[in-house]
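K.L.:
need a 3D model of the following:
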Amino acid sequence: MKPKEPVRGPRKLFLVSMVIVVGLFPGGCGKKQQSAPPAVPEVATVKVTTGPVALTTELPGRTSAYRVAEIRPQVNGLIQKRLFTEGSHVTAGQALYQIDPAPFQAVLDNAKAAVAKAEANLAAARSRAERLKELLPEKAVSQQEYDDAAAALKQTEADIEYWKATVRTARINLAYTRITAPLPGRIGKSNVTEGALVTAQQPAPLSIIQQLDPVYVDVPQSTTDLLRWKRTPEGGRADQGGANQKKVKLFLEDGSAYPLTGTLQFRDVTVDPTTGSVILRIVFPNPKSVLLPGMFVRAVVQEGIKERAILIPQQAVSRDHKGNPFALIVDAEGKVQQRMLVLDRAIGDKWLVSSGLASGDRVIVEGMQKVRPGASVKEVPFAAVGKEGAIPGSNARPASKSN
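P.N.:
You can find the predicted model right below:
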């Protein structure tokens with residue numbers, strides 16, 4: 001075996017260079033540098049408090065006239081004149097149609113003549129009966145003759161009363177030839193013209209009058225909602241019979257708000273078996289005739305006041321894979337905790353929370369995507385947008401301040 005040859009030339013120079021390079025980096029094989037600790041995520045929170053909140057329900061409905069009168073003739077005859085303008089406002093007692101009065105005037109005159117004739121016969125019948133009565137004790141006349149005279153007197157008196165009643169009837173029928181408005185309101189189109197033959201109590205009305213100030217708004221309410229209204233949950237609903245609950249707001253078909261407030265008049269006591277609902281009747285003033293019968297509207301009815309209500313922004317509520325709502329809060333140690341919620345309803349851009357939160361809880365509104373339950377976080381207050389964005393029942397403050 002041959003001995004190794006000594007390192008020479010370029011190979012020797014390369015080894016010397018490697019030794020020098022290693023010497024220039026003494027820490028290269030030492031300990032690794034320590035990494036910086038991860039930053040604590042920031043979240044925006046609101047501190048929840050309780051307060052009174054008005055509970056409302058929006059229900060669809062339709063308008064109807066306050067009073068409706070179908071104009072029908074009460075006597076037979078020919079229409080001589082129409083005395084109103086279609087679509088105009090009429091007053092109570094205003095003449096609408098004139099039926100030919102001539103036949104009824106003749107009947108009245110005939111009845112008056114009959115009364116005069118009966119009254120003329122009355123004097124003679126009374127005198128004869130009185131004379132026979134005086135002669136009866138002397139046996140100058142028979143009892144039968146006196147009885148006939150007395151009966152004739154009573155017959156004449158009855159004829160007078162009969163014809164007087166006929167005169168009153170004739171006057172009533174003559175008055176019916178002038179058809180008048182039974183109530184004030186807006187009258188619609190006329191279904192007959194001059195020369196039309198009409199009959200008493202005919203099924204088709206001559207026209208229809210509707211009183212439009214005020215108007216009714218009838219809205220159906222499900223029995224489920226009715227039972228919920230009557231229930232008083234923990235947290236307290238008060239003022240369920242107060243005057244404020246009877247005030248109702250209205251929205252028209254185009255989404256605009258009706259400027260005047262209505263009053264809840266009554267809630268029906270009969271459930272419609274086909275829909276499972278009862279009717280709420282609301283009265284609205286309508287001085288400018290904005291509301292017309294048959295219009296579709298939406299009524300906002302106040303259920304009552306929940307005294308210790310909790311409202312949180314809708315963006316603070318998330319849902320799990322089963323659809324159950326939950327919120328993330330920051331506890332006293334600055335760590336995230338998850339709370340499962342029971343939500344009542346949406347009020348504006350807030351959720352009304354039935355259970356799951358308590359007064360003083362700090363609910364995470366922004367930054368939920370960056371945290372998980374149990375993680376430590378840094379809190380900053382949620383910046384509400386103007387007064388309209390302020391959270392009822394919370395103490396949201398400007399972002400420049402700290403909690």
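K.L.:
host element of Arg308?
P.N.:
Arg308 belongs to strand 296-313 when assigned by DSSP states H and E.
K.L.:
contacts for the next helix or strand after that strand, please.
P.N.:
Going down the chain from strand 296-313, the next helix or strand is strand 318-319, by DSSP H and E. For strand 318-319, the external contacting residues (C-beta atoms under 8 Å, 6 or more residues apart in numbering) are 325-328, 368. Every residue, glycine included, has its C-beta placed from N, CA and C.
K.L.:
now with 7 Å, please.
P.N.:
325-326, 368 (C-beta atoms under 7 Å, 6 or more residues apart in numbering).
K.L.:
so among these, where is pLDDT lowest?
P.N.:
Lowest pLDDT of the contacts of strand 318-319: Met368, 84.
K.L.:
list buried residues within the contacts of strand 318-319.
P.N.:
Buried by 16 or more other C-beta atoms under 10 Å: 325, 368, out of the contacts of strand 318-319.
K.L.:
list just the nearest of the contacts of strand 318-319 to Ile347.
P.N.:
Closest approach to Ile347 among the contacts of strand 318-319 (C-beta to C-beta): Pro325, at 15.1 Å.
K.L.:
wait, that closest one sits on Arg339?
P.N.:
No - Pro325 lies out of contact with Arg339 (C-beta atoms under 7 Å); the separation is 9.7 Å.
K.L.:
format the contacts of strand 318-319 as JSON lines; extra columns: distance to Val68 and secondary structure.
P.N.:
Shown next, in JSON lines, are the contacts of strand 318-319 (distance: C-beta to C-beta, whole Å; DSSP: H, G, I helix; E, B strand; the rest coil):
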{"residue": "Pro325", "distance to Val68": "48", "secondary structure": "strand"}
{"residue": "Phe326", "distance to Val68": "54", "secondary structure": "strand"}
{"residue": "Met368", "distance to Val68": "58", "secondary structure": "helix"}
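K.L.:
looking at the contacts of strand 318-319, which is nearest Gly61?
P.N.:
Ranked by distance to Gly61 (C-beta to C-beta), the contacts of strand 318-319 are led by Pro325 at 30.8 Å.
K.L.:
roughly how far apart are that closest one and Ala106?
P.N.:
84 Å (C-beta to C-beta, to the nearest Å).
K.L.:
before we move on, the earlier item: quickly list what's touching both of Pro325 and Arg339.
P.N.:
Joint contacts of Pro325 and Arg339 (C-beta under 7 Å, 6+ apart) do not exist.
K.L.:
could you check the pLDDT of the most centrally placed residue in the chain?
P.N.:
Central residue of the chain (C-alpha atoms, centre = their mean): Ala299, 3.0 Å from the mean position. The per-residue pLDDT reported for Ala299 equals 93.
K.L.:
is it bridged to anything, and to what?
P.N.:
On the basis of DSSP bridges, Ala299 is bridged to Leu59, Leu250.
K.L.:
low pLDDT regions in the stretch 301-403 of the chain?
P.N.:
384-403 (pLDDT under 70).
K.L.:
still on that earlier bit, make JSON lines from the contacts of strand 318-319 and add distance to Ala44 to it.
P.N.:
Formatted as JSON lines, the contacts of strand 318-319 follow (distance: C-beta to C-beta, whole Å):
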{"residue": "Pro325", "distance to Ala44": "19"}
{"residue": "Phe326", "distance to Ala44": "18"}
{"residue": "Met368", "distance to Ala44": "10"}
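K.L.:
closest one to Lys247 out of the contacts of strand 318-319, please.
P.N.:
Set against Lys247, the nearest of the contacts of strand 318-319 by C-beta to C-beta is Pro325 (31.5 Å).
K.L.:
residues in contact with that closest one?
P.N.:
Listed by C-beta under 7 Å, 6+ apart, the contact set of Pro325 reads 317, 319, 341, 343.
K.L.:
ok, the residues you listed vs Glu42, which is closest?
P.N.:
Taking C-beta to C-beta as the measure, Glu42 lies nearest Val317 of the contacts of Pro325, at 20.1 Å.
K.L.:
what is the burial count for Ser190?
P.N.:
19 (other C-beta atoms under 10 Å).
K.L.:
likewise for Val215?
P.N.:
23.
K.L.:
repeat that for Gly93.
P.N.:
Using other C-beta under 10 Å, the number of residues around Gly93 comes to 10.
K.L.:
and Tyr176, by the same measure?
P.N.:
Counted with other C-beta under 10 Å, Tyr176 comes out at 17.
K.L.:
what do you get for the one 10 residues further on?
P.N.:
Other residues within reach of Arg186 by the criterion other C-beta under 10 Å amount to 18.
K.L.:
what residue ranges in the protein score low on pLDDT?
P.N.:
Scanning the chain for pLDDT under 70 picks out 1-38, 229-245, 384-403.
K.L.:
may I see the buried residues of the strand holding Arg308?
P.N.:
In strand 296-313, counting by 16+ other C-beta under 10 Å, buried: 297-299, 301-306, 309-313.
K.L.:
again, but for stretch 196-209
P.N.:
198, 205-209.
K.L.:
what does stretch 155-168 give?
P.N.:
Buried-residue list, stretch 155-168, by 16+ other C-beta under 10 Å: 156-157, 159-160, 163-164, 166-167.
K.L.:
give me phi/psi at Trp163?
P.N.:
Dihedral pair for Trp163: phi -70, psi -30, per degrees, to the nearest 10.
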